[in-house]
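J.: here is my input; please provide its structure:
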Amino acid sequence: MKPLVALSRIFVGVLFIISGFIKLNDPLGFSYKLQEYFSPEVLNVPFLEPYALGISVFVVVFEVVLGMFLLIGYKPKFTIWSLLLMIVFFTFLTFYSAYFDKVKDCGCFGDALKLTPWESFAKDVILLVLILLLFFGIKHIKPVFGKLPTTVLALLSFIVSLWFGYHVLMHLPAIDFRAYKIGNNITEGMIIPEDAPKPVLEYSWKFNVNGEEQVIVTDGSYPSVEGEFISVDTKVLEEGYSPSVVDFSMESDEEDLTEHFLNQENLIVIISYNLDKIEYEGAKKLKAFSETAEKNGYQVIGLTASGPETKQRINEAYKLSFTWYLCDEKVLKTVVRSNPGILELDKGTVMQKVHWNDIEDLELPKVERKYELLNLNNRGNLFLTNGKMSTKSDFDKLNQDDITKLYVVEDEEVLKSINEANNSEYTSFIEVELKPQYKEH
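T.: Predicted structure coming up:
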């Protein structure tokens, strides 16, 4: 019994520390996973959703601390009882998720290691057996050090865990396991290889044959049955290849501009998954930052899941001049754990990524601005050059060095006023500012 308890103690302690640390590295990401569990579709406790972040921090800090307590032998009874209660709850949660197919990934190891619901359940069953072994062999769990060093180590593990959790919340995860980490190319992450395995599906066709229900299972082909079709259920037997980047887009109200922007150099993307929830102190920094970036030759756009009215209200409130484009909220939460957060992209490659608290750390050396308009031949556009109406042909005659600023404006209220005054149907207008010394060519 004694050697089994010793081995279980090491395995459980190390696993809890590793699992807890990975989630502690990204407590905001774990809180999103908890919100998924709390939703009406899963556990149906939506009143807990506003407290998901606080619960997330408490759970992951407690997980790391319990792992440390077990290894050093601090308060064995409290530690074993806490581990037992925690693993019983997690085992129930993963079984419920797997059996009812509610949550595809439990989030046990964050984004570092994806486990299927049944894999997560199997892992928790193994841990439950090992913790029960510790429970019945608790007399063999002794402190590794003396009373004072053990107490000091226990206290330090709590303080360090709490500090680390706070640090990554105020900045970004220390280790980025996601597909949008610095150095990754978003376009490449979307590619599905030609030889990638396809998903294997099972179709259960239900028919009414002579007054009786009959179910026929196929791999997708419609069965030859002389009866009335009722319904069909689909079951995934084997998951196919899934690219690391899914559902990422950059869209206007009229078109999908994802490919366009992912081919741009020196692109600054300001991300706010929900502008109604944008942090006030972060939003206040965006005006000065975006103006500095544009002055240094960078193209600046916003990416959000919010609607037109909210985008207009935020731009007016914080005097922002860049255009917001659309992307799925869940994707934006994955891209950067900050609201707002800032990325620098160079032809789809993430060059820099920061929390709004670290916006001053972005390095923006002056670059040559290359203006490339958005399929303008297919859109109704008004051109304004230094405040005066002009044409696309006038714009095409300009040299890059003549331009100091260029905006693609899609403000509905402004466009409505222009269209009413001119009896026109412009969908956007291009505003160009030229250098004072500009001369016609």
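J.: ok, then the element right after the helix or strand that contains S82?
T.: S82 is part of helix 76-99 when elements are defined by DSSP states H and E. Heading C-terminal from helix 76-99, the first helix or strand you meet, by DSSP H and E, is helix 117-136.
J.: excluding sequence neighbours, find me the nearest residue to the most centrally placed residue in the chain.
T.: Nearest to the mean C-alpha position of the chain, counting by CA atoms, centre = their mean, stands T334 at 0.9 Å. Nearest residue to T334, sequence neighbours excluded (CB to CB, 6 or more residues apart in numbering): R178, at 5.9 Å. Any C-beta I mention is one placed from the backbone N, CA and C, and that applies to glycine too.
J.: all the helices of this structure, residue numbers only.
T.: Shown for the chain, the helices assigned by DSSP state H span residues 2-24, 27-38, 52-72, 76-99, 117-136, 147-170, 186-190, 258-262, 280-295, 308-318, 329-335, 392-396, 412-422.
J.: CSV for those, including distance to E344 and mean pLDDT?
T.: Compiled in CSV, the helices of the chain are given as follows (distance: least, CB to CB, whole Å; pLDDT from 0 to 100):
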stretch, distance to E344, mean pLDDT
helix 2-24, 27, 92
helix 27-38, 21, 89
helix 52-72, 27, 94
helix 76-99, 37, 90
helix 117-136, 36, 90
helix 147-170, 21, 95
helix 186-190, 12, 94
helix 258-262, 13, 92
helix 280-295, 9, 94
helix 308-318, 21, 93
helix 329-335, 13, 95
helix 392-396, 26, 70
helix 412-422, 29, 72
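J.: so for D233, which of those helices sits nearest?
T.: helix 76-99 (16.5 Å; CB to CB).
J.: tilt between the closest one and helix 52-72?
T.: 130 degrees (axes from the mean of the first three to the mean of the last three CA atoms, to 10 degrees).
J.: buried ones in helix 76-99, by neighbour count?
T.: Across helix 76-99, burial judged by 16 or more other CB atoms under 10 Å covers 76, 79-80, 82-83, 86-87, 90-91, 93-98.
J.: what inclination does it have with respect to helix 27-38?
T.: Using the same axes, to 10 degrees, helix 76-99 lies at 60 degrees relative to helix 27-38.
J.: run through the neighbouring helices and strands of helix 76-99.
T.: helix 52-72, helix 117-136 (3 or more CB pairs under 8 Å, 6 or more residues apart in numbering; DSSP states H and E).
J.: how about 10 Å then?
T.: helix 2-24, helix 27-38, helix 52-72, helix 117-136 (3 or more CB pairs under 10 Å, 6 or more residues apart in numbering; DSSP states H and E).
J.: next, the angle from that helix to helix 2-24.
T.: Relative orientation of helix 76-99 versus helix 2-24 (the same axes, to 10 degrees): 60 degrees.
J.: what's the closest non-adjacent residue to the residue located most distally from the centre of the chain?
T.: Here the centre of the chain is the reference, and by CA atoms, centre = their mean the most remote residue is N210, at 51.4 Å. Of all residues not flanking N210 in the chain, G227 sits nearest, at 7.3 Å (CB to CB, 6+ apart).
J.: now do F78
T.: F69 (7.8 Å).
J.: measure the one you found to T292 for me?
T.: Distance, F69 to T292, using CB to CB, to the nearest Å: 49 Å.
J.: which of the two has more neighbours?
T.: F69 (25 against 14; other CB atoms under 10 Å).
J.: wait, what's in contact with that one?
T.: Contacts for F69 (CB atoms under 10 Å, 6 or more residues apart in numbering) come out as 13, 16, 62, 75-76, 78-80, 82-83, 150, 153-154, 157-158.
J.: and the gap between it and F16?
T.: 9 Å.
J.: got any residues that touch both of the two?
T.: By CB under 10 Å, 6+ apart, the residues touching both F69 and F16 are 62, 83.
J.: thinking again about what came up before, need the helices of the chain in CSV with distance to A196, can you?
T.: Output for the helices of the chain, formatted as CSV (distance: least, CB to CB, whole Å):
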stretch, distance to A196
helix 2-24, 27
helix 27-38, 26
helix 52-72, 34
helix 76-99, 25
helix 117-136, 21
helix 147-170, 34
helix 186-190, 12
helix 258-262, 21
helix 280-295, 38
helix 308-318, 37
helix 329-335, 21
helix 392-396, 42
helix 412-422, 42
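J.: of those, which is nearest E360?
T.: The nearest among these, by CB to CB, is helix 280-295 at 8.5 Å.
J.: next, the angle helix 308-318 makes with the closest one.
T.: 80 degrees.
J.: how many neighbours does the closest residue to L237 other than its chain neighbours have?
T.: In space, and not counting its chain neighbours, L237 is closest to V200: 4.4 Å by CB to CB, 6+ apart. A count of neighbours around V200, defined by other CB under 10 Å, yields 13.
J.: so what's V200 bridging to?
T.: Note on V200: beta-bridge partners E238, judged by DSSP bridges.
J.: for T79, what are its contacts?
T.: Contacts for T79 (CB under 10 Å, 6+ apart) come out as 9, 13, 65-73, 134, 138, 141, 154.
J.: one more time with 7 Å, if that's ok
T.: Shown in contact with T79 (CB atoms under 7 Å, 6 or more residues apart in numbering): 66, 69-70.
J.: let's have those residues in JSON lines, adding distance to E329.
T.: Below are the contacts of T79 laid out as JSON lines (distance: CB to CB, whole Å):
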{"residue": "L66", "distance to E329": "34"}
{"residue": "F69", "distance to E329": "38"}
{"residue": "L70", "distance to E329": "39"}
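J.: looking at the residues you listed, spot the one nearest I192.
T.: L66 (41.2 Å).
J.: which residue sits closest to E279, ignoring its sequence neighbours?
T.: Nearest non-adjacent residue to E279, counting by CB to CB, 6+ apart: N339, 5.9 Å away.
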